[in-house]
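Peer 1: Structure for the following, please:
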Amino acid sequence: MSEVQQLSGGTSDELRKRFQILERVAIFFTLPDNILHALARRLAPASATKGSVVVHQGDPGDTMFVVESGRCEVYVEESPGHTITIALTCDEDGRITASLDDIGSAFTQEYAKTFGHEMDEEIEIVSLRATLRTPLPRRASEQRPMTVTSTNARDESTGDAYSFTRGERARFRILQRDGLEPGTTVVGPAIILEETATTYLDADFEAVVDVAGSLLITDTREQS
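Peer 2: Now for the predicted structure:
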């Protein structure tokens, strides 16, 4: 943003002008006046010459721009190469029964849902790649539901799961990730739950919560 020159200011008249600018921004319509006044004090006036680039695609988004006067254009480049998967109907022999028009329509809908707009050019189907997934029969031992038993009031419980290091089913401690303080050591077998992930800690493994809250997992067999 080398071509954008920051302007100094902050008088009562300038703050009043900035407040009036923010009043016209749609996303600020519901904000009370005291919040708009606070935003006006943080608003930094700037000017840009014709043809200059104010921000590049991919730059960290830590600034909001409000156009007071003039005109700006936004160009968005799509990443080269992408894959869109659509579901098609098949007959009992696995042959695709959808017509080319159906495939093109399904692609157009999925493309618009993924990128937020439709393609300008006409769709030309060059090639198709189909995948067929068949669920494999599960072993009887894997079909047994996990039984969970509560052990104390710290959101800790135990459950029956398969241990790969022991080669048999074992009792696993089930812990909540947000209940583990920095410096805590968890000795497997254990399962650590959180909103976005599940950590499986097998027997002979241990996890230490570092100061940043990360789990450092080590194989204790390598230390012996």
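
Peer 1: Name the single longest helix found in this protein.
Peer 2: For the chain, the helix with the greatest residue count under DSSP state H is helix 100-115.

Peer 1: other SSEs contacting it?
Peer 2: Helices and strands touching helix 100-115, by 3 or more CB pairs under 8 Å, 6 or more residues apart in numbering; DSSP states H and E: there are none. Quick note: C-beta positions are derived from backbone N, CA and C, even for glycine.

Peer 1: list the buried ones in it?
Peer 2: Across helix 100-115, burial judged by 16 or more other CB atoms under 10 Å covers 103, 111.

Peer 1: Ok, stretch 37-45 next?
Peer 2: Within stretch 37-45, the residues that count as buried by 16+ other CB under 10 Å are 39, 40, 43.

Peer 1: repeat for stretch 212-221
Peer 2: By neighbour count on 16+ other CB under 10 Å, the buried set for stretch 212-221 is residue 215.

Peer 1: which residues touch that stretch?
Peer 2: With contact meaning CB atoms under 8 Å, 6 or more residues apart in numbering, stretch 212-221 is reached by 182, 192, 199, 201, 204, 205, 206, 207, 208, 209, 210.

Peer 1: Which members of the residues you listed are the farthest-apart pair?
Peer 2: The span of the contacts of stretch 212-221, defined through CB to CB, is set by 182 and 204 at 23.7 Å.

Peer 1: Tell me which of these two has more neighbours.
Peer 2: Higher neighbour count among residue 182 and residue 204: residue 204, with 18 against 11, using other CB atoms under 10 Å.

Peer 1: Among the contacts of stretch 212-221, the buried ones, what's the PyMOL command?
Peer 2: Selecting only the buried entries of those in PyMOL, with 16+ other CB under 10 Å as the criterion:
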select buried, resi 192+201+204+205+206+207+209
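
Peer 1: Could you list which of the contacts of stretch 212-221 belong to strands?
Peer 2: Among the contacts of stretch 212-221, the residues falling in strands (DSSP state E) are 192, 199, 201, 205, 206, 207, 208, 209.

Peer 1: Let me know the secondary structure of the most centrally placed residue in the chain.
Peer 2: Nearest to the geometric centre of the chain sits residue 196, at 10.1 Å (CA atoms, centre = their mean). Under the three-state scheme (DSSP: H, G, I helix; E, B strand; the rest coil), residue 196 adopts coil.
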